[in-house]
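**Student:** One predicted model, sequence on top.
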Amino acid sequence: MTEIQTTTAGSLPRTPALIAANGARTFADDGFTLESSAEVGELTARAVADVVERQRDAGITQVGDGEFGKAMSNAVDYGAWWSYSFQRAAGLSLTDVNAFNEPAVHSEPGRIRLTSFLGRRDRQLFPAVYAEAVEVGAGATAFPTTTGPLSYRGHDAVASDIAHLTATLRPGEQGFLTAIAPGSASRVRNDFYASDEEHLFAWADVLREEYRAITDAGLIVQLDDPSLAENFDQIDPEPSIADYQAFTRLRIEALNHAIAGLPRELVRLHLCWGSWHGPHTTDVALADILPVVLEANVGSISFEAGNVRHEHESGVWAEASVPDDLVLVPGVVSHATNVVEHPELVAQRIERFARIVGVDRVIASTDCGLGGRIHPDLAWAKLASLGQGARIAAGRA
C-alpha cells in the first residue's frame, strides 16, 4: 500500500515541567537573552524524546522537536517561533514597544511600510472581538530594535536543538527543525541600516548560518515566514496587489539568498496568515501571492488548507505553475478550531492535493503550530486524526 507522509508545522504543546523551567530561567543584561543551564538542557532533551515518540504514536512520519528548544524572551510575547531569534542575533537592543507600533505609511505606489501588530486592519474592523481576546504580544512593554551590525550568535543553541532531535531519530527517519525566515525576522525596528532592504538582507546573512547547521546535520529546515501573507493586513491603507507582490518578492529574494547552495530537498517554506484566533477577513487571497511564493527555491511548501478562511483556495494550486519537483505540505487539521477533524475529512483534504501533484508529492500536516493555540489534549487528538486520515487516503490511492 502507498504510504502518505505526515508531519506538523512545528510547535506542539510543551509539558508543564518544561514551561515551568523556562519560566524560571534568568535573563542576561540585555533583557531578552535567556540564560541556559545543564538542568534545562537535560529537561529539554527528555521532553523532545517524549514528543517525538508521541508523534510516532499518532502516525506522524516526519517528526520535529515541537520547538521545545525555543523559549520566549522577556522582551515581547510574540511567540517562541519568532522571539527566539532575538536571542541568537547580535546587534539588537530593547526599545519602548510604542516605538515599534508606529502608524503605517503607504503614501505612494510602491512605498510600503508595516503598521504595528496591534493595529491590523482586521482588528480595526472588529474592535470588540479583539478587545475580548487575550492576544499574543498584548502585554509587551519593550521590543528589540536593530541598533548595530547584525551577526549570528546562536551556534550553541542550534547545536543543542540539532542534538536533541537527532538523538531521538531512528535509522532512516527524517526529522525537521523550524527557523524563522528573513522576511519575518526583519520585522523589528531598524535604527542602524540605511534602508529596509539592507536590513532584510542583513537578517538573511545572519540566519543562513542557522539554516546551514540544520541541513548539514541531515535535517529539514522549515523556514517560518507568515510575513509573506500576513504583512498584507498590517498595511494601512490597503495596498494594490501589484505593490504588495513587489514588496513580497523582495522577501522571497532575501530567502533565496539565505538558502543558496543548501539542498533543496532539505528546505521547507511555511506559509500562513498568522495563527492568532481572529476573523481574518482582511487576509490576502492565496491567488494574489502564490506566483511570488513559488519563486522560492525550496523543496516543499507548508501552507494552511484546513483553515476555514482559506480551505476553498485548494483550487488555486491546480491552476498555478507548480514546479515538477515541489512537494506540497497542506495543513489538513487546523489550529483555529477546537473541533477535532474527522479522519475521513482529513483523507478528503489530502486527496484534493494528491489529484493535483500526485500522492508521492503530498505530505499531510497541520495548518500551523498547535502549541499554545488549543488545549494539549485536542492537539494530540488532531494529530491522531491526521495519522488516521493519511492511512485512509493511502488505502484509496
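**Tutor:** Arrived safely, thanks for sending.

**Student:** wait, isn't Leu328 in contact with Trp317?
**Tutor:** Yes. Between Leu328 and Trp317 there is a contact at 6.8 Å, judged by CB atoms under 8 Å. Where you see a C-beta, it was placed from the backbone N, CA and C, and this is true even at glycine.

**Student:** which residues do those two both contact?
**Tutor:** Jointly contacting Leu328 and Trp317 under the rule CB atoms under 8 Å, 6 or more residues apart in numbering are 353, 356-357.

**Student:** Quick check: next helix or strand after the lowest-mean-pLDDT helix or strand in the chain?
**Tutor:** Across the helices and strands of the chain, mean confidence by mean pLDDT, DSSP states H and E is lowest for helix 97-100: a mean of 50. Moving toward the C-terminus from helix 97-100, the next helix or strand (DSSP states H and E) is helix 121-125.

**Student:** buried residues in that following helix?
**Tutor:** 121-123 (16 or more other CB atoms under 10 Å).

**Student:** next one: stretch 271-289
**Tutor:** 271-278, 280, 282-284, 286, 288-289.

**Student:** Just the terminal-to-terminal distance for it.
**Tutor:** 10 Å (CA to CA, to the nearest Å).

**Student:** do stretch 292-308 as well
**Tutor:** Terminal-residue distance, stretch 292-308 (CA to CA): 23 Å.

**Student:** re earlier: just send the buried residues of helix 121-125 back as a markdown table, with pLDDT too.
**Tutor:** Shown next, in a markdown table, are those (pLDDT from 0 to 100):
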| residue | pLDDT |
| --- | --- |
| Arg121 | 88 |
| Asp122 | 87 |
| Arg123 | 85 |
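
**Student:** Give the other helices and strands that the top strand by length along the chain contacts.
**Tutor:** Identified as the longest strand of the chain according to DSSP state E is strand 142-152. Strand 142-152 sits against strand 89-96, helix 97-100, strand 189-190, helix 196-216, with contacts defined as 3 or more CB pairs under 8 Å, 6 or more residues apart in numbering; DSSP states H and E.

**Student:** between these, which gets nearest to Arg264?
**Tutor:** Of all these, it is helix 196-216 that lies closest to Arg264, at 9.9 Å by CB to CB.

**Student:** chain center to the closest one: distance?
**Tutor:** Distance of helix 196-216 from its chain centroid, counting by CA atoms, centre = their mean, to the nearest Å, is 16 Å.

**Student:** Pass me the low-pLDDT residue ranges in the stretch 1-150 of the chain, would you?
**Tutor:** 1, 72-78, 96-118, 133-142 (pLDDT under 70).

**Student:** Let's see that with 90 instead.
**Tutor:** For the stretch 1-150 of the chain, applying pLDDT under 90 flags the ranges 1-2, 15-40, 71-83, 94-144.

**Student:** Then the stretch 251-397 of the chain?
**Tutor:** Ranges of the stretch 251-397 of the chain meeting pLDDT under 90: 274-281, 372-373.

**Student:** Going by residue numbers, what spans are strands in it?
**Tutor:** 267-271, 300-304, 327-333, 363-366 (DSSP state E, counting those that start in this stretch).

**Student:** who wins for proximity to Arg46 among the ones you listed?
**Tutor:** That would be strand 363-366 among the strands of the stretch 251-397 of the chain, by CB to CB, at 23.5 Å.

**Student:** Neighbouring strands - and their directions - for the closest one?
**Tutor:** strand 5-6 (parallel), strand 327-333 (parallel) (DSSP bridges).

**Student:** how far out from the middle of the chain is it?
**Tutor:** So, by CA atoms, centre = their mean, the centroid of strand 363-366 is 14 Å from its chain's centroid.

**Student:** Return the alpha-carbon coordinates of that strand using PDB.
**Tutor:** This file holds the C-alpha atoms of strand 363-366, laid out as PDB (Å, rounded to 0.1, in the frame of the first residue of the first chain):
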ATOM      1  CA  ILE A 363       2.900  15.400   2.900                       C
ATOM      2  CA  ALA A 364      -0.100  15.900   5.200                       C
ATOM      3  CA  SER A 365       0.400  18.400   8.000                       C
ATOM      4  CA  THR A 366      -1.200  20.800  10.400                       C
END
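
**Student:** what does that strand rub up against?
**Tutor:** With CB under 8 Å, 6+ apart, strand 363-366 has contacts from 4-9, 62, 300, 302, 306, 327-335, 346, 349-350, 382-383, 386, 389-390, 393.

**Student:** One more pass at 7 Å, please.
**Tutor:** 4-9, 62, 300, 302, 327, 329-333, 335, 350, 386, 390 (CB atoms under 7 Å, 6 or more residues apart in numbering).

**Student:** what's the answer for stretch 320-331, then?
**Tutor:** Stretch 320-331 is contacted from outside by 7, 9, 268, 290-291, 294, 299-307, 317, 349, 353, 357, 361-368, using CB under 7 Å, 6+ apart.
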